[in-house]
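Student: quick one: sequence and predicted model below, then my questions.
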Amino acid sequence: FIYTRCLTYCSLLGGEFAQLQTQLATPIKEGKLRLLSISFDPTHDKPPQLAAYLEIHRDHGTGWLAARPVDADALTRLEQVFGVTVISDGLGGFVHNAAIGIVNPQGQLIEIFPLGDPEPVGRAVLQYLQ
């Protein structure tokens, strides 16, 4: 979960996703996997901002999508499904932490990894795909 105006955690997540895109290139190419960055700021994160986020973080052009809920109701549903809470920081941004979640084909969150080392995420994904 990201928002494109974030210069801290969300920027780091973008870098880690770029590394994962390289590490997981084969299952991505085979259509077995997609990386997904979801914005929790639908007011500011429109398609151009999401595309720029991918470009800034060196998206390879395949297998990594950036998306957003279309409105506040969709954001609320997203928060409920994944157990996240979006809290305004009162300065136009958000108070948040960062993690990478693995979601199975049924849309269930099955594992969460802390920010800082994408290698274990990639290994876990490859193991789930076996």
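Tutor: Happy to help now that I have it.

Student: drop to CA atoms for contacts and neighbour counts, all remaining ones
Tutor: Will do.

Student: touching stretch 60-76 from outside, list them.
Tutor: Stretch 60-76 has contacts (C-alpha atoms under 8 Å, 6 or more residues apart in numbering) with 18, 21, 28-29, 33-43, 45-47, 50-51, 54, 78.

Student: list buried residues within the residues you listed.
Tutor: The neighbour count (16 or more other C-alpha atoms under 10 Å) marks 18, 21, 28, 33-42, 45-46, 50-51, 54, 78 as buried among the contacts of stretch 60-76.

Student: so of the residues you listed, which ones are in helices?
Tutor: Those of those mapping onto helices are 18, 21, 28, 50-51, 54, 78, per DSSP state H.

Student: of the residues you listed, closest to residue 1?
Tutor: Minimum distance to residue 1 across those is 10.4 Å, recorded for residue 78 (C-alpha to C-alpha).

Student: and the most centrally placed residue in the chain, what does it touch?
Tutor: The centroid of the chain falls nearest to residue 37 when counting by C-alpha atoms, centre = their mean (2.5 Å). With contact set as C-alpha under 8 Å, 6+ apart, residue 37 has these partners: 1-2, 64-67.

Student: so which of these comes closest to residue 89?
Tutor: Distances from residue 89 to the contacts of residue 37, taken by C-alpha to C-alpha, are shortest for residue 2, at 14.5 Å.

Student: wait, residue 16 sits on residue 121?
Tutor: No: Residue 16 is beyond contact range of residue 121, at 9.8 Å (criterion: C-alpha atoms under 8 Å).

Student: ok, what's across the strand from the residue nearest to the centre of the chain?
Tutor: Beta-bridge partners for residue 37, by DSSP bridges, are residue 66.

Student: report the separation between it and residue 101.
Tutor: 10 Å (C-alpha to C-alpha, to the nearest Å).

Student: could you do residue 36 as well?
Tutor: Using C-alpha to C-alpha, one gets 10 Å for the distance from residue 36 to residue 101.
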